[in-house]
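Undergrad: Provide a 3D model corresponding to the input given below.
(2 chains)
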Amino acid sequence: MSDPVTGIITPIRLDYTYTPGTSPSAFLRGMKDGKILGRRCPSCGKVYVPPRGGCPMCGVEFAEEVQVSDSGTLVTFAVVNVNFANRVIDLPYVSGEVLFDGADTTSMVLVQGIAADEVRMGMRVTAHWLPREEWDFTFANIDYVEPTGEPDADYASYKEHV
Amino acid sequence: MRDVAVVSFAQSATRRDQTRNEVEILLPVLREAMEPTGLTTQDMGFTCSGSSDYLAGQAFAFVSALDAVGPWPPIQESHVEMDGAWALYEAWVRLQHGDIDTALVYAFGKSSPGDVGRVLSMQLDPYVVAPLWPDAVSLAALQARSWLEAGHSEKDLARVVARSRRNALGNPHAQLSGDVDEEALLDEPLYADPLRKHDCPPISDGAAVVVLAAGDRARELCDRPAWIRGIDHRIDVQALGSRDLTTSASTRLAGQRAGVRDIDLAELHAPFSHQELIVAESLGLEESRTTINPSGGALASNPVMVAGLVRIGEAARRISAGEGDRAVAHATSGPALQQNLVCVLEGT
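TA: Numbering: from 1, shown residues only, chains lettered A, B, ... in the order given. All right, here's what the predicted structure looks like:
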């Protein structure tokens, strides 16, 4: 009697040419130019960054393109203390959700330029961009955000996003 | 059974769309389908969609697509990883519960970002078939070879293709249309022996939306609703070598249970020319009695995960327009007509 077959390996690979869509493409082209481009919902007025297909609250197509600021408010954050594979940054570090001024959605960004135990909700931050010659069609052009030194924002101004 | 009807239908033009994402394709189609009903997506008692994340390689694309519906406040919603025709079946079942009167069904698919022939091979038996990477066209060609050897002719294939192209001239959503000569088609080179390129569907991206309503609600929303008089879906065995590829037992059974008879027009989901003849035969349709694929069918445009729902929508649209009293719509899924859904629609 032969040994039972307990497992097989069948390599699988599928290749795709990704189409981000009209609004996301405009956002990615904006990043290449060092601009954060969102889109406004004509129904509820919210500005989405990055915009995807349409306003998910209203189910309508976006109307105008809106450039938002690269400064904003840190609405929430996590201090990372746990080691993991392929880590490129020293522990502990802070990953935050930033509400850029003019946007109604938050973006996940690394927080630097401040000790992890001094980071707080409502802290005002601004983007630190990679050197211009490294800019590509990606949000990763913003290397991290750092404190501006302005007074912290009122909780009421960002409580919807926590 | 509760009377349920198709009261509205809309579809996108189909092409390789390298500009828009799924939500951007879906949004105008949803608006077009809702507009004649005077209702919004928020008014719908139930929403069900059909799509496959494998097509465009976008994980959770079926969740992102809900952005097009505007599901806030939260809605009752479901999804099938199948053609939208099966989403319509789920919505029909949901309407049978009797507590809601309307349902929204939508389907979307972008085949162009990936190699759809290889993507579809992922649905095969994962141990002994899928590792061989038999693509969808090759499997259809194996079926066509069996069918020809069972005593059929290549001329029948050319006739199906010529009719599809000719009928598609009247379909603004079709991708391939034209007046083509049957003899000239047979002079074309073989693509996947015995299939020629025109025996295979185009690569299409697209979306479709159907609005269902029950009883009096349907009569309020549409002058001549297309009533679903029978709907059934069946499946053949998975192993390709275990079934007769020259016929479709699951289509025949679904057709019997859905009550296919005295059909004025038929929309058959046959992405390959020989499959239309197999499906028509399995449903007992004769071209002398029944107009087959007046839209041009899936040979004219084949948005994967959408084309089956489009067959129901096209048949319903023609019933509502008074082009016939009794229609059959068919949808297929899986390799070489493995799964089949049959839906009978009536104008009165």
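Undergrad: all contacts plus neighbour counts: C-alpha atoms, from now on.
TA: Noted.
Undergrad: Next, work out how far apart residue B:100 and residue B:115 are.
TA: 40 Å (C-alpha to C-alpha, to the nearest Å).
Undergrad: When those two are compared, which one has more neighbours?
TA: The neighbour comparison of residue B:100 against residue B:115 (other C-alpha atoms under 10 Å in any protein chain shown) goes to residue B:115, with 17 against 14.
Undergrad: show me where the chain has helices.
TA: The chain I'm using is chain A. A:22-32 (DSSP state H).
Undergrad: should've been chain B
TA: B:22-34, B:53-56, B:61-64, B:84-96, B:116-119, B:136-149, B:154-168, B:182-186, B:215-221, B:249-258, B:273-282, B:307-320.
Undergrad: hmm, the fifth one in reach of chain A?
TA: Read that as helix B:116-119. Yes: Helix B:116-119 comes into contact with chain A (C-alpha under 8 Å from any C-alpha of the partner chain), by way of B:118-119.
Undergrad: sorry, back to before: the helices of chain B into TSV, with extra columns for distance to residue A:9?
TA: Below are the helices of chain B laid out as TSV (distance: least, C-alpha to C-alpha, whole Å):
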stretch	distance to residue A:9
helix B:22-34	33
helix B:53-56	20
helix B:61-64	28
helix B:84-96	33
helix B:116-119	18
helix B:136-149	22
helix B:154-168	40
helix B:182-186	43
helix B:215-221	53
helix B:249-258	33
helix B:273-282	34
helix B:307-320	34
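Undergrad: domain parsing for the chain?
TA: Going with chain A. Recorded structural domains for chain A (assignment: automatic domain parsing) are A:19-68, A:69-162.
Undergrad: my bad, the chain I had in mind was chain B
TA: B:4-115+B:203-226, B:128-202+B:229-346.
Undergrad: End to end on the shortest one, go ahead and measure it.
TA: Yep, that's domain B:4-115+B:203-226 we're talking about. Start-to-end span of domain B:4-115+B:203-226 (C-alpha to C-alpha) is 8 Å.
Undergrad: Kindly report the same for the last one.
TA: Between the start and the finish of domain B:128-202+B:229-346 there is a gap of 44 Å, counting by C-alpha to C-alpha.
Undergrad: Please apply the same query to stretch B:280-298.
TA: For stretch B:280-298, the end-to-end distance is 14 Å (C-alpha to C-alpha).
Undergrad: got the buried residues for it?
TA: B:280, B:282-283, B:285, B:290-298 (16 or more other C-alpha atoms under 10 Å in any protein chain shown).
Undergrad: what's the most distant pair in those residues?
TA: B:282 and B:295 (20.5 Å; C-alpha to C-alpha).
Undergrad: Centre-most residue in the chain?
TA: No chain in the question, so chain A it is. residue A:107 (3.2 Å; C-alpha atoms, centre = their mean).
Undergrad: My question was about chain B, not that one.
TA: residue B:308 (1.0 Å).
Undergrad: That one and chain A, how far apart?
TA: 24 Å (C-alpha to the nearest C-alpha, to the nearest Å).
Undergrad: isn't that residue right next to residue B:331, touching?
TA: Yes: under the criterion of C-alpha atoms under 8 Å, residue B:308 makes contact with residue B:331 at 4.3 Å.
Undergrad: Next, show the common contact partners of those two.
TA: B:83, B:85, B:269 (C-alpha atoms under 8 Å, 6 or more residues apart in numbering or on different chains).
Undergrad: Just the buried ones from these?
TA: By 16+ other C-alpha under 10 Å, the shared contacts of residue B:308 and residue B:331 give B:83, B:85, B:269 as buried.
Undergrad: Which of the residues you listed sits closest to chain A?
TA: residue B:83 (20.7 Å; C-alpha to the nearest C-alpha).
Undergrad: Correct me if wrong: the closest one contacts residue B:334.
TA: No: proximity of residue B:83 to residue B:334 does not meet the contact threshold set by C-alpha under 8 Å, at 10.0 Å.
Undergrad: For the helices of chain B, give me JSON lines that also has mean pLDDT.
TA: Converted to JSON lines, the helices of chain B look like this (pLDDT from 0 to 100):
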{"stretch": "helix B:22-34", "mean pLDDT": "97"}
{"stretch": "helix B:53-56", "mean pLDDT": "94"}
{"stretch": "helix B:61-64", "mean pLDDT": "92"}
{"stretch": "helix B:84-96", "mean pLDDT": "98"}
{"stretch": "helix B:116-119", "mean pLDDT": "94"}
{"stretch": "helix B:136-149", "mean pLDDT": "97"}
{"stretch": "helix B:154-168", "mean pLDDT": "98"}
{"stretch": "helix B:182-186", "mean pLDDT": "97"}
{"stretch": "helix B:215-221", "mean pLDDT": "98"}
{"stretch": "helix B:249-258", "mean pLDDT": "98"}
{"stretch": "helix B:273-282", "mean pLDDT": "98"}
{"stretch": "helix B:307-320", "mean pLDDT": "98"}
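Undergrad: out of those, deepest packed?
TA: With neighbours taken as mean count of other C-alpha atoms under 10 Å in any protein chain shown, those reach their highest mean count in helix B:307-320, at a mean of 28.
Undergrad: and that one, how far from the chain's centre?
TA: 9 Å (C-alpha atoms, centre = their mean, to the nearest Å).
Undergrad: Same check on stretch A:3-20?
TA: On C-alpha atoms, centre = their mean, the centre of stretch A:3-20 falls 31 Å from the chain's centre.
Undergrad: Residues contacting that stretch, please?
TA: Contacts of stretch A:3-20 (C-alpha under 8 Å, 6+ apart): B:18-21, B:56-57, B:113-115, B:118-119, B:127, B:131.
Undergrad: how about it: buried residues?
TA: A:16, A:19-20.
Undergrad: tell me which of the residues you listed is nearest to chain B?
TA: residue A:16 (4.4 Å).
Undergrad: hmm, back to that, from the buried ones among the shared contacts of residue B:308 and residue B:331, pick the one nearest residue B:41.
TA: residue B:85 (19.0 Å).
Undergrad: re the thing from before, closest to residue B:152 among the shared contacts of residue B:308 and residue B:331?
TA: residue B:269 (20.3 Å).
Undergrad: Now do the contacts for that closest one.
TA: Contact analysis of residue B:269 by C-alpha under 8 Å, 6+ apart lists B:276, B:297-298, B:307-308, B:311, B:329-332.
Undergrad: What of residue B:47?
TA: B:75-78, B:91, B:103-105.
Undergrad: Export those as TSV, with columns for distance to residue A:5.
TA: Putting the contacts of residue B:47 into TSV (distance: C-alpha to C-alpha, whole Å) gives the following:
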residue	distance to residue A:5
B:75	47
B:76	45
B:77	42
B:78	39
B:91	43
B:103	48
B:104	47
B:105	44
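Undergrad: ChimeraX command for the buried members of those?
TA: In ChimeraX, this line selects whichever of the contacts of residue B:47 come out buried by 16+ other C-alpha under 10 Å:
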select /B:75,77,78,91,103,104,105
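Undergrad: Let me have the contacts of residue B:47 in TSV, extended by distance to chain A.
TA: Formatted as TSV, the contacts of residue B:47 follow (distance: C-alpha to the nearest C-alpha, whole Å):
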residue	distance to chain A
B:75	12
B:76	15
B:77	15
B:78	17
B:91	21
B:103	17
B:104	14
B:105	15
